[in-house]
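# return a 3D structure for these sequence lines:
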Amino acid sequence: MGNRIQTTAIVLVSAMILTSGLAVADKNPTVRAAFVLLTQSGTGQTVPMARVILNGVDAPCPILKPDNGDGEDLSMSPRANPDGKNFPVTVCEAIYPAREAMKIKGEKIVLPTLPKSIDRVTVFGDTGCKPGDQNGCKEDSKKHWPLKRMADAAAGKPKPNLILHMGDYNYRGTPGHIQVNGEKVRVYDAGDNTPHLDCKLAGPYFGQNSVGSDSPDNWDNWWKDFFQPSAKLLQAAPWIFARGNHELCSRAGPGWFYFLDSGSDLLEGGTGQFACPSAESADPLVFHPPYRVDMGGLSVVVLDSANACDQGNLHQAHFDQQFEKIAKLVGRVPESNAIWLQMHRPLWAVKKAVDPAPQGDLDPSGQYSFIDKTLQTAYAKHPVPKQVHLVLSGHMHRFQAIGFPSSGDQQRPPQLVVGNGGVALAGNHPKNPFSFPMDGITGTGFGLSEFGYMEIELAGSGAWKGRLLDRKGDTLAKCDSALKYKTGVCKPASK
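Take a look at the predicted model:
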């Protein structure tokens with residue numbers, strides 16, 4: 001009798017737990033994320049693309065309706081899901097009208113429009129969280145993960161016209177070492193996660209998505225690390241996304257190409273939707289070709305630099321070809337537009353020297369290394385035909401600004417490294433403002449190791465002004481392309 005009562009109690013408790021779980025699941029919104037990204041068609045046209053992420057595999061795609069009630073409804077199409085088990089969601093997309101705001105039928109979500117001219121841009125980079133270094137990603141200390149607080153603030157008034165992300169969205173789901181069939185292995189990371197100078201790829205590699213991996217890329221990590229904390233900002237303005245090394249196919253690449261990559265089967269003459277090949281294949285890498293987005297007053301050229309080794313020459317021939325394409329893209333920019341380059345890895349940046357380092361990678365004192373040598377080599381081989389006004393990057397988990405002389409035969413655009421958007425910060429190297437030759441041209445700048453994001457205003461004729469803001473909205477640094485501070489184009493804000 002006692003066993004029967006005990007068994008009945010267990011069944012009842014199990015039923016309660018199951019019912020409770022279902023109730024919680026039912027409370028999850030059907031729409032998990034909605035945003036507009038900007039891309040380029042195969043014919044060179046700038047294309048806004050609406051994307052909506054829904055609960056469930058093979059969920060029916062929603063209808064987009066004009067927010068003002070006039071005009072035609074817009075149907076959405078599903079993107080190819082790389083793995084329904086690890087991505088139990090459906091991503092729907094549609095080519096979006098540039099000037100007409102539309103809402104998701106049955107929801108209160110209104111998607112943003114692309115303004116006729118761009119005057120206010122928000123920049124984030126390296127926004128994911130490392131649970132082991134950041135108290136399980138709880139927002140309970142100024143030392144811990146600040147993304148939601150900063151993203152909510154950036155979405156407030158005055159709203160940006162455009163949002164740029166420098167890459168590395170998902171850290172909690174991209175560990176450096178994993179178990180594959182019970183064996184601990186190092187994840188391929190284009191040189192970043194290997195011993196110094198061991199920057200090579202000999203055929204197939206070990207990655208999170210290898211057969212037998214205990215840590216495959218999955219929706220839950222993407223949701224927690226990016227889509228959930230960025231919800232308000234995702235709906236504030238159109239986005240341009242750069243791919244970081246944490247979105248390599250050996251890491252969170254499947255999710256990147258499903259959710260955020262600009263490739264789509266809907267684009268006329270385009271390359272279509274990309275997908276990660278098998279890690280066991282003879283050619284397991286994917287390189288998205290560079291593309292250009294033209295808006296009123298601004299053109300952004302985007303480079304997929306995920307596989308560019310910081311110190312060596314991994315895939316040098318490939319990036320030589322990419323910069324040859326970039327030179328052509330820059331040459332076709334409308335004459336009145338400012339030109340920005342957006343890439344995850346910095347074109348020019350300074351970090352602490354690692355021993356042993358190639359002599360050509362070091363500053364004259366031998367204290368610091370210059371990165372990214374792969375990209376610098378490609379840039380030198382294929383100089384751009386028009387003046388580029390700004391290079392924006394992330395990758396270094398801190399802020400750094402470098403300016404160069406505005407005259408001479410070898411003019412270089414200033415470089416801003418905005419890699420302080422949420423992930424555990426790296427130490428600030430060099431700690432003091434610096435000035436020394438970089439390939440024969442003197443670079444001047446400084447860095448900060450504090451959480452923040454950029455607000456940049458266009459001032460016409462390629463000029464711009466910017467502020468680096470912290471989690472409280474206070475100004476950490478001021479930037480002005482028209483001024484030459486002792487620390488380059490930016491200077492630390494007065495305390």
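# just for the chain, where's the confidence low?
Confidence mapping of the chain against pLDDT under 70 gives the ranges 1-29, 139-143, 191-204, 354-362, 407-410, 495.
# let's see that with 50 instead.
Within the chain, the ranges that satisfy pLDDT under 50 run 1-28, 195-197.
# now the most centrally placed residue in it: phi and psi?
Nearest to the mean C-alpha position of the chain, by Cα atoms, centre = their mean, lies residue 167 at 2.0 Å. When quoted as degrees, to the nearest 10, the phi and psi of residue 167 stand at phi 100, psi 170.
# ok, it touching residue 242?
Yes - contact criterion Cβ atoms under 8 Å: residue 167 and residue 242 qualify, at 4.4 Å. The way it works is simple: take the backbone N, C-alpha and C, and place the C-beta from them, glycine included.
# what sits in contact with each of these two?
344, 394 (Cβ atoms under 8 Å, 6 or more residues apart in numbering).
# returning to that earlier point: contacts only, for the residue nearest to the centre of the chain.
125-126, 241-247, 306, 344, 394-395 are the contacts of residue 167 under Cβ under 8 Å, 6+ apart.
# same thing with residue 447?
Residues in contact with residue 447 (Cβ under 8 Å, 6+ apart) are 350, 398-401, 417, 428-431.
# filter these down to just the ones in strands.
350, 399-401, 417 (DSSP state E).
# before we move on, the earlier item: excluding covalently adjacent residues, which one is nearest to the residue nearest to the centre of the chain?
residue 244 (2.7 Å; Cβ to Cβ, 6 or more residues apart in numbering).
# that older thread, ChimeraX command to pick out the buried ones of the contacts of residue 447?
A single ChimeraX command selects the buried members of those (16 or more other Cβ atoms under 10 Å):
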select :350,398,399,400,401,417,428,429,430
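# and the contacts of residue 447 as JSON lines, adding distance to residue 335?
Formatted as JSON lines, these follow (distance: Cβ to Cβ, whole Å):
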{"residue": "350", "distance to residue 335": "34"}
{"residue": "398", "distance to residue 335": "36"}
{"residue": "399", "distance to residue 335": "32"}
{"residue": "400", "distance to residue 335": "31"}
{"residue": "401", "distance to residue 335": "28"}
{"residue": "417", "distance to residue 335": "29"}
{"residue": "428", "distance to residue 335": "39"}
{"residue": "429", "distance to residue 335": "40"}
{"residue": "430", "distance to residue 335": "38"}
{"residue": "431", "distance to residue 335": "42"}
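# out of the contacts of residue 447, who's nearest residue 176?
Residue 176 lies nearest to residue 398 out of the contacts of residue 447, by Cβ to Cβ, at 19.1 Å.
# who touches the nearest residue to that closest one once chain neighbours are set aside in this structure?
Among residues not flanking residue 398 along the chain, residue 449 sits closest, at 4.7 Å (Cβ to Cβ, 6+ apart). If you count contacts by Cβ under 8 Å, 6+ apart, residue 449 has them with 398-399, 420, 425-428.
# again with residue 412
So residue 412 contacts 348, 404, 441 (Cβ under 8 Å, 6+ apart).
# of those residues, keep whichever come out buried.
So, by 16+ other Cβ under 10 Å, the buried ones in those are 348, 404.
# now tabulate the contacts of residue 412 in JSON lines and tack on secondary structure.
Below are the contacts of residue 412 laid out as JSON lines (DSSP: H, G, I helix; E, B strand; the rest coil):
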{"residue": "348", "secondary structure": "coil"}
{"residue": "404", "secondary structure": "coil"}
{"residue": "441", "secondary structure": "strand"}
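# helices along the stretch 1-150 of the chain, start to end?
Along the stretch 1-150 of the chain, the segments classed as helices by DSSP state H, counting those that start in this stretch run 2-27, 147-154.
# now do the stretch 351-495 of the chain
Under DSSP H, counting those that start in this stretch, the stretch 351-495 of the chain gives helices at 373-381.
# what distance do you get for the closest residue to residue 180 other than its chain neighbours to residue 286?
Excluding the flanking residues, the one nearest residue 180 by Cβ to Cβ, 6+ apart is residue 212, at 4.8 Å. According to Cβ to Cβ, to the nearest Å, residue 212 and residue 286 sit 22 Å apart.
# and if you look at residue 256?
In terms of Cβ to Cβ, residue 256 sits 9 Å off from residue 286.
# the two - which one has more neighbours?
residue 256 (28 against 20; other Cβ atoms under 10 Å).
# and the more buried one, that one's in a helix?
Yes - under three-state DSSP, residue 256 falls within a helix.
# how about it, what does it touch?
169, 243, 247.
# using CSV, please lay out those residues together with secondary structure and neighbour count.
Output for these, formatted as CSV (DSSP: H, G, I helix; E, B strand; the rest coil; neighbours: other Cβ atoms under 10 Å):
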residue, secondary structure, neighbour count
169, coil, 33
243, coil, 30
247, helix, 29
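# quick check: the gap between residue 270 and residue 186.
35 Å.
# looking at the two, which has the bigger crowd around it?
Ranked by neighbour count (other Cβ under 10 Å), residue 270 and residue 186 place residue 270 first, with 19 against 14.
# over to that one. Which of the three states is it?
Applying three-state DSSP: residue 270 is coil.
# not counting its neighbours along the chain, what's nearest it?
Spatial nearest neighbour of residue 270, chain neighbours left out: residue 42 (4.3 Å); criterion: Cβ to Cβ, 6+ apart.
# the one you found: what's it in contact with?
Contacts of residue 42 (Cβ under 8 Å, 6+ apart): 267-271.
# what's the answer for residue 450, then?
Per Cβ under 8 Å, 6+ apart, neighbours of residue 450: 399, 420, 425, 470, 476.
# was I right about the third one contacting residue 397?
Think residue 425. Yes - at 5.5 Å, residue 425 counts as touching residue 397 under the criterion of Cβ under 8 Å.
# sorry, back to before: relative to residue 484, which of the contacts of residue 447 is nearest.
Closest to residue 484, out of all of those and judged by Cβ to Cβ, is residue 401, at 12.1 Å.
# what bridges to that closest one?
residue 416, residue 446 (DSSP bridges).
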